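Engineer: here is a sequence with its predicted model. Questions after.
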Amino acid sequence: MECEAGATKDKIIYKSIGLIGRIGLITQKNMRQIITEQEPDFFEKPKTALERSVKQFMEYIQIEKNRSKLTRTNYKHYLRRFVFFAQDQGVTTPQEIDLELIRSFRLYLSNFTENGAP
């Protein structure tokens, strides 16, 4: 991933994670259904650097950006899918994220079905 002039590595990582969160926007009706599902917090005890970065990003958008619960749930939903996808590709750190991985993930999402299998 190319660095913008004066951009810190953390900002670039947050931009990448934020992009992934925005890739898969879904309807509010579907999101309300997701909110009501009782699922354990995937990022409560992060195991990899990528999971830790996502947890930090989720805290950042909650505290610093004051994003709504619906927005945070949407981001978490797709970031969780991205982390699983990235780990399947052998990516465990934010520094390993590149445009090809994001493109592959977008293709994966476009083929994703309601049953959860591409």
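Structural biologist: Here it is on my side, so go on. Predicted, not measured: the structure shown is a model, and the values here were computed from it.
Engineer: make it CA atoms for all contacts and neighbour counts henceforth
Structural biologist: Will do.
Engineer: which secondary element of this protein has the worst mean pLDDT?
Structural biologist: Counting by mean pLDDT, DSSP states H and E, the weakest-scoring helix or strand in the chain turns out to be helix 28-36, with a mean of 47.
Engineer: what's downstream of that helix, the next helix or strand?
Structural biologist: Per DSSP states H and E, the first helix or strand lying C-terminal to helix 28-36 is helix 49-63.
Engineer: for that next one, name the packing helices and strands.
Structural biologist: Judged by 3 or more CA pairs under 8 Å, 6 or more residues apart in numbering; DSSP states H and E, helix 49-63 is in contact with helix 9-23, helix 69-88.
Engineer: what number of residues lie near the closest residue to residue 48 other than its chain neighbours?
Structural biologist: Computed as CA to CA, 6 or more residues apart in numbering, the closest residue to residue 48 that is not its neighbour in sequence is residue 92, at 6.0 Å. Close neighbours of residue 92, defined as other CA atoms under 10 Å, add up to 18.
Engineer: ditto for residue 64
Structural biologist: 10.
Engineer: can you check the one 10 residues further on too?
Structural biologist: Taking other CA under 10 Å as the criterion, the count of residues near residue 74 is 23.
Engineer: can you check residue 59 too?
Structural biologist: Neighbour number of residue 59 under other CA under 10 Å is 14.
Engineer: same thing with residue 65?
Structural biologist: Neighbour tally, residue 65, other CA under 10 Å: 10.
Engineer: let's number from 384 now, not from 1
Structural biologist: With the count now opening at 384, the last piece we talked about shows up as residue 448.
Engineer: from residue 491, how far off is it?
Structural biologist: Using CA to CA, to the nearest Å, residue 448 is found at 29 Å from residue 491.
Engineer: hmm, back to that, which of the helices and strands packed on helix 432-446 has the lowest mean pLDDT?
Structural biologist: Lowest mean pLDDT within these: helix 392-406, at a mean of 58.
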